[in-house]
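Chemist: Build me a model:
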Amino acid sequence: MTSDDMELVRQYADHQSESAFAALVSRHANLVYSAALRRVRDPQLAEEITQAVFIILARKAGSLNDKTILPGWLYRAACYTSNSAQKREYRRQQREQEAYMESTLHEPQTDSTWQQIAPLLEEAMLRLGQTDRDALVLRFFEGRSLQEVGTALGASEEAAKKRVNRALEKLRCHFKNRGVSSTTVIIAGAITTNSVQAAPAALSKSITAIAITKGAAASGSTLTLITGALKLMAWSKTVTTAIVSGCLILALAGGTVIFVKKRSARRLAILTHLYDRAHLQDPGYKAILADLRAHEWRTEKRAEEEKIASRQRKDETVNSSEIDLTPYLNAALTDSPASPADVTGNNLAALPSGAHVFAGVPFDVEGLIQLDGGDMARFKKHYPTEVDNIRIGRTCAKLHLLHGANWVYPSTFGSTAAKLVLHYSDGSVREIDLIVGQQVFDFWSPLFTTGLDLRYSQTAPGTERAWTGSNPFLKKMFPDESLILYKSTFDNPQPNVTLSAADYVSGGMEIAPFLVGLTVE
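Modeler: Predicted structure coming up:
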């Protein structure tokens, strides 16, 4: 960080100094562009995000206080703007694996650790507190000394060192939870070497020209990004304020303790989506999490398990046929497809094999058809993007799927995770989309609802939770969560024509969907 960053911001805010703003763009465009590129993996979109971030800076310049650490503020804005861009791209179904492969041609050569952590870095950084994030941005993204970091944070060099080390350890734990094992020293080196690369030469000039108009000359798509990013930034600030205001500091017997009123805390949990894997090791959440585990979560989980079990007792179909998937299976129930090679316990071994009723529908379960997803590459595993010609050979009014998916995040909701391509005896072809947040959800998920983003439990008509269990790896990593499979029922677009076969096709995203059972009725 250059000491006069905020002086330049003031010059621009007070006098609309184009030279001051151009200097800020020149200093920090590479940081913003690099964060955006890691997030969206599309150089052209990353340029648009960079432009949007500096338009936001131009708009917000007058409201930033002199203690703002500008690189940290810009980094955070880049992450939120990238999230906004991803949602837009998912809705248009343009973010496919081919785009990722093309964009990597423009990325610098990196070591193996960087290749593994780069797709996870911005998610991990956003989970840090602001001071921790600012410290890492200054130290490793900006290449500042510990003394400079301490000065910016208003702390000593030794305190800055401790802050950086603690923040690195949090990153290490996050990466480990996502299957990437490393050390803080290696992570620090990888970030220092690779996190910031040069933005396209013409970008800084175009950013300054458009940003100083505060977006008046920006394209419609850029303005949409800005609106989405500002909403995310405002929501984040509101949640932080709500959490702080939900705590009462009381002095008892000469000591100070933090006390969270249970009723208001539970209400706050619902309002702010308290359940987050990043909170599980945070001492600030220990008391309320323990209380929820002992009360709401236990009751809600038991009720949902009983509801799921009640739908496994009776076949509610008429003239149905379970399709034999054995010739098409590429993973056993005891396999761990979406895990590092040394992890063997992240499987569906608890799922009963053979003929069983799930959600009122009989299925023949012998294994799974696992499709590829972008995150599989982190584990050096590769599965097909589609499995074709699953033989059916009869007319039917409905198709029932027993299925799940890996790596489903809120930012992917509304996108197509997979599809069934239906081939009929008359040569016609129809498609059925499986949409994230409607039919497709992560197979690691909580069964409770208090404190959870309710989108995780709101399925589309015809889809419901059909089986739940656990496995050793999930119990170790996130014991509050359960394995969940879903039953989705679709109307056959051509019920009076013989359905010859079906293809199970990936949507080409990070999500790795899988099919366990298929029944026609």
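Chemist: by contact count, what packs against the helix or strand where residue 134 lies?
Modeler: In the assignment (DSSP states H and E), residue 134 maps to helix 130-136. When contacts are defined as 3 or more Cβ pairs under 8 Å, 6 or more residues apart in numbering; DSSP states H and E, helix 130-136 packs onto helix 70-92, helix 112-126, helix 146-153, helix 157-177. Just so you know, the C-beta spots here come from the backbone N, C-alpha and C atoms, and that holds for glycine as well.
Chemist: what is the mean pLDDT for that helix?
Modeler: For helix 130-136, mean pLDDT is 90.
Chemist: How about stretch 155-169?
Modeler: 91.
Chemist: now swap in stretch 421-432 and tell me
Modeler: 97.
Chemist: Report the distance from it to the chain centre.
Modeler: Centre-to-centre, stretch 421-432 and its host chain are 33 Å apart (Cα atoms, centre = their mean, to the nearest Å).
Chemist: picking that back up, got the contact list for the helix holding residue 134?
Modeler: 69, 71-72, 75-76, 125-126, 128, 149, 152-153, 160, 163-164, 166-168, 170-171, 191 (Cβ atoms under 8 Å, 6 or more residues apart in numbering).
Chemist: can you pull the pLDDT of residue 19?
Modeler: For residue 19, the model assigns a pLDDT of 88.
Chemist: Compute the number of surrounding residues for it.
Modeler: 10 (other Cβ atoms under 10 Å).
Chemist: and if you look at residue 355?
Modeler: So residue 355, with other Cβ under 10 Å, has 13 neighbours.
Chemist: For residue 373, give me its contacts.
Modeler: So residue 373 contacts 338, 406, 407, 506, 509, 510, 511, 512, 513 (Cβ under 8 Å, 6+ apart).
Chemist: can you rerun that using 6 Å?
Modeler: 510, 511, 512 (Cβ atoms under 6 Å, 6 or more residues apart in numbering).
Chemist: where does this protein have its least confident helix or strand?
Modeler: Each helix and strand of the chain was given a mean pLDDT (mean pLDDT, DSSP states H and E); the minimum falls on strand 248-252 at a mean of 34.
Chemist: and residue 493, which of the three is it?
Modeler: Residue 493 carries the three-state label coil when classified by DSSP: H, G, I helix; E, B strand; the rest coil.
Chemist: hmm, back to that, hmm, which of the contacts of helix 130-136 are the buried ones?
Modeler: The neighbour count (16 or more other Cβ atoms under 10 Å) marks 69, 71-72, 75-76, 125, 128, 149, 152-153, 160, 163-164, 167-168, 170-171, 191 as buried among the contacts of helix 130-136.
Chemist: rewinding a little: pipe the contacts of residue 373 into CSV and attach secondary structure per row.
Modeler: Listed next are those as CSV, based on three-state DSSP:
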residue, secondary structure
510, coil
511, coil
512, strand
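Chemist: ok, those vs residue 11, which is closest?
Modeler: If you rank those by distance to residue 11 using Cβ to Cβ, residue 510 comes first, at 42.3 Å.
Chemist: does that closest one really touch residue 371, like I thought?
Modeler: No: here residue 510 does not reach residue 371: they are 12.0 Å apart, not a contact under Cβ atoms under 6 Å.
Chemist: How about residue 156: what's its closest non-neighbour residue?
Modeler: residue 150 (5.4 Å; Cβ to Cβ, 6 or more residues apart in numbering).
Chemist: so how far is residue 66 from that neighbour?
Modeler: 18 Å (Cβ to Cβ, to the nearest Å).
Chemist: Compare these two and say which is more crowded by neighbours.
Modeler: Ranked by neighbour count (other Cβ under 10 Å), residue 150 and residue 66 place residue 150 first, with 21 against 8.
Chemist: Tell me how far that one lies from residue 134.
Modeler: Relative to residue 134, and taking Cβ to Cβ, residue 150 is found at 12 Å.
Chemist: quick one, strands of the stretch 351-500 of the chain?
Modeler: In the stretch 351-500 of the chain, the segments counted as strands under DSSP state E, counting those that start in this stretch are 354-358, 361-365, 369-370, 386-394, 398-406, 416-424, 429-435, 444-445, 463-469, 482-491, 499-506.
Chemist: Including distance to residue 144, could those go into a markdown table?
Modeler: Shown next, in a markdown table, are the strands of the stretch 351-500 of the chain (distance: least, Cβ to Cβ, whole Å):
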| stretch | distance to residue 144 |
| --- | --- |
| strand 354-358 | 56 |
| strand 361-365 | 56 |
| strand 369-370 | 45 |
| strand 386-394 | 48 |
| strand 398-406 | 38 |
| strand 416-424 | 42 |
| strand 429-435 | 45 |
| strand 444-445 | 38 |
| strand 463-469 | 49 |
| strand 482-491 | 44 |
| strand 499-506 | 43 |
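Chemist: To residue 298, which of these lies closest?
Modeler: Among these, strand 482-491 sits nearest to residue 298 (Cβ to Cβ), with 12.7 Å.
Chemist: sorry, back to before: between residue 510 and residue 371, tell me which one has more neighbours.
Modeler: Neighbours per residue (other Cβ under 10 Å) separate residue 510 from residue 371, with residue 371 holding more: 27 against 21.
Chemist: Spit out the contact partners of the closest residue to that one other than its chain neighbours.
Modeler: Nearest non-adjacent residue to residue 371, counting by Cβ to Cβ, 6+ apart: residue 506, 4.2 Å away. When contacts are counted by Cβ under 6 Å, 6+ apart, residue 506 touches 371, 372, 385, 418.
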